[in-house]
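> heads up, no residue letters with this:
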């Protein structure tokens, strides 16, 4: 125990290790959510009508896209956010981005376009909305850490 004052305070290595249990639970919970969210995105990507949403709209080809769609989103961006692990705290947050993705498509494209039809068809199953709303385990809970002031540490 190289930190001055820790041994003198009566702390053992076992005490220090057990005090980090909350962090392990938080990591476990975060990994569980990440896995569940990636599964939803993969299922969405596999759908027949997902092809227009797999990558960002190429704004060098669709010049006015950003004038109409102020907050673009696509499946690859969503997946990157999930993998990074700091964006989505719940399935409901993922659902909001998936809905924004199809709503952006419907906003930009005419209702007779194949892109609009893909948005409608992709939205029909609701991205598992019922599952997202009913699964209370899928919300990250804040983890509290307590600091003990000790001038000898």
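Thanks, I have the structure now. Keep in mind the model is a prediction, meaning the values are calculated, not measured.

> Which strands and helices lie in contact with the helix or strand containing residue 93?
Using DSSP states H and E, the element containing residue 93 is helix 91-108. Applying 3 or more Cβ pairs under 8 Å, 6 or more residues apart in numbering; DSSP states H and E, we find helix 91-108 packed against helix 21-45, helix 65-68, helix 75-84, helix 114-123, helix 129-134. For glycine as for every other residue, the C-beta is placed from the backbone atoms N, C-alpha and C.

> Now mean pLDDT too, for these, in CSV please.
Below are the helices and strands packed on helix 91-108 laid out as CSV (pLDDT from 0 to 100):
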stretch, mean pLDDT
helix 21-45, 88
helix 65-68, 98
helix 75-84, 97
helix 114-123, 96
helix 129-134, 57
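
> Please identify which of these is closest to residue 52.
Each of the helices and strands packed on helix 91-108 was scored for nearness to residue 52 using Cβ to Cβ, and the closest is helix 114-123 (5.1 Å).

> what angle sits between the closest one and helix 91-108?
160 degrees (axes from the mean of the first three to the mean of the last three Cα atoms, to 10 degrees).

> Give me the helices and strands touching helix 114-123, please.
Counting contacts by 3+ Cβ pairs under 8 Å, 6+ apart, helix 114-123 packs against helix 91-108.

> before we move on, the earlier item: relative orientation of the helix holding residue 93 and helix 21-45 in degrees?
Using the same axes, to 10 degrees: helix 91-108 against helix 21-45 is 30 degrees.

> can I get the helices and strands packed on helix 91-108 in a markdown table with mean neighbour count and distance to residue 108?
Formatted as a markdown table, these follow (neighbours: other Cβ atoms under 10 Å; distance: least, Cβ to Cβ, whole Å):
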| stretch | mean neighbour count | distance to residue 108 |
| --- | --- | --- |
| helix 21-45 | 15 | 19 |
| helix 65-68 | 12 | 5 |
| helix 75-84 | 16 | 16 |
| helix 114-123 | 18 | 8 |
| helix 129-134 | 14 | 23 |
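
> and of these, who's closest to residue 13?
Per Cβ to Cβ, nearest to residue 13 of those: helix 21-45, 14.2 Å.

> and the closest one, how far from the chain's centre?
9 Å (Cα atoms, centre = their mean, to the nearest Å).

> cool, stretch 46-56 as well?
Centroid separation for stretch 46-56 versus its chain: 18 Å, with Cα atoms, centre = their mean.
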